[in-house]
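J.: task: produce atomic coordinates for the following.
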Amino acid sequence: MFISFEGIEGAGKSTAINYLAGFLQENGHDPLCTREPGGCALGRSLRSILLDARTRELSSRAELFLFLADRAQHVAEIIRPALEAGQTVLCDRYTDSTLAYQGHGRGLDTEYLQRLNQAATGGLQPELTLLLDLPVRCGLMRAGERNRLEGLVVSEGRFDAESLDFHERVRQGYRVLAEEEPERFAIIDASQPPEDVVLQCRSAIESHLRQRGWGLE
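T.: You can find the predicted model right below:
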């Protein structure tokens, strides 16, 4: 089973993934938690470029292809082998991030981005995508506090520093994607306390499993 987690900065994806990995493990699944960028060795090198606030004057297309390089290697090295081994993959960001950030946020053509995503992944798509949605100002406040606590203000603050309008376009882009594929997306109200957010995510996963007759132990 392949589940992706999407949302703007500060949506709480990492917290949800950590909880759900434990929940799935307790119920007979073998979860693998990974992320983009940075889920493989190449991705960790690219992450330091893509998210560092000191990375300046990176063109939208250069940014795009660095993310795609990370994704292609990530799928080949980590995600596809894990799925073939019967693991459940929980991925913090995947192809929808490209459509939301580089498409709706940066203004690149989304049909073009879909073709590039297809090439980078070999057509591998999540069975379920949990979209953690919340107001932009709330998300940015959370992200800023997280970065300060973890000492990431410079090392992973590049997207946080984008304009409010940029993040609003990204959020709206995610909502458009969810409307286009309602059978794959579950929208989670991430403005609630973390314990309520993870329960919503858990409910969405349980519903997905029941629909496919897999169930939980």
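J.: right, and residue 40 touches residue 77 too?
T.: Yes: at 4.7 Å, residue 40 counts as touching residue 77 under the criterion of CB atoms under 8 Å. In short, each C-beta sits where N, CA and C put it, glycine included.
J.: for the host helix or strand of residue 171, which helices and strands make contact with it?
T.: Secondary structure from DSSP states H and E places residue 171 in helix 164-180. Applying 3 or more CB pairs under 8 Å, 6 or more residues apart in numbering; DSSP states H and E, we find helix 164-180 packed against strand 128-133, helix 136-150, strand 185-189.
J.: rerun at 10 Å
T.: Packing contacts for helix 164-180, counted by 3 or more CB pairs under 10 Å, 6 or more residues apart in numbering; DSSP states H and E, involve strand 2-6, helix 95-97, helix 110-121, strand 128-133, helix 136-150, strand 185-189.
J.: want to throw these into JSON lines with distance to residue 27, mean neighbour count and mean pLDDT?
T.: Shown next, in JSON lines, are the helices and strands packed on helix 164-180 (distance: least, CB to CB, whole Å; neighbours: other CB atoms under 10 Å; pLDDT from 0 to 100):
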{"stretch": "strand 2-6", "distance to residue 27": "14", "mean neighbour count": "24", "mean pLDDT": "98"}
{"stretch": "helix 95-97", "distance to residue 27": "26", "mean neighbour count": "25", "mean pLDDT": "98"}
{"stretch": "helix 110-121", "distance to residue 27": "28", "mean neighbour count": "16", "mean pLDDT": "98"}
{"stretch": "strand 128-133", "distance to residue 27": "15", "mean neighbour count": "24", "mean pLDDT": "98"}
{"stretch": "helix 136-150", "distance to residue 27": "29", "mean neighbour count": "16", "mean pLDDT": "78"}
{"stretch": "strand 185-189", "distance to residue 27": "18", "mean neighbour count": "20", "mean pLDDT": "97"}
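J.: how about low-confidence regions in this protein?
T.: 146-156, 214-217 (pLDDT under 70).
J.: looking at residue 40 and residue 77, which one has more neighbours?
T.: residue 40 (20 against 15; other CB atoms under 10 Å).
J.: contacting residues around the most centrally placed residue in the chain?
T.: The geometric centre of the chain, computed from its C-alpha atoms, lies nearest to residue 93 (CA atoms, centre = their mean), at 1.7 Å. Applying CB atoms under 10 Å, 6 or more residues apart in numbering to residue 93 gives the contacts 4-7, 13, 34-39, 67, 71, 100-101.
J.: so how far is residue 121 from it?
T.: 13 Å (CB to CB, to the nearest Å).
J.: which neighbours do the two share?
T.: Common neighbours of residue 93 and residue 121 (CB under 10 Å, 6+ apart) are residue 71.
J.: residue 92 bridge partners, please.
T.: With DSSP bridges as the criterion, residue 92 is bridged to residue 5, residue 35.
J.: quick one, what contacts it?
T.: Applying CB under 10 Å, 6+ apart, the residues contacting residue 92 are 4-7, 13-14, 16-17, 33-36, 38-39.
J.: kindly recompute the last result at 8 Å.
T.: 5, 13-14, 17, 33-36 (CB atoms under 8 Å, 6 or more residues apart in numbering).
J.: and which of those residues is nearest to residue 208?
T.: residue 5 (13.4 Å; CB to CB).
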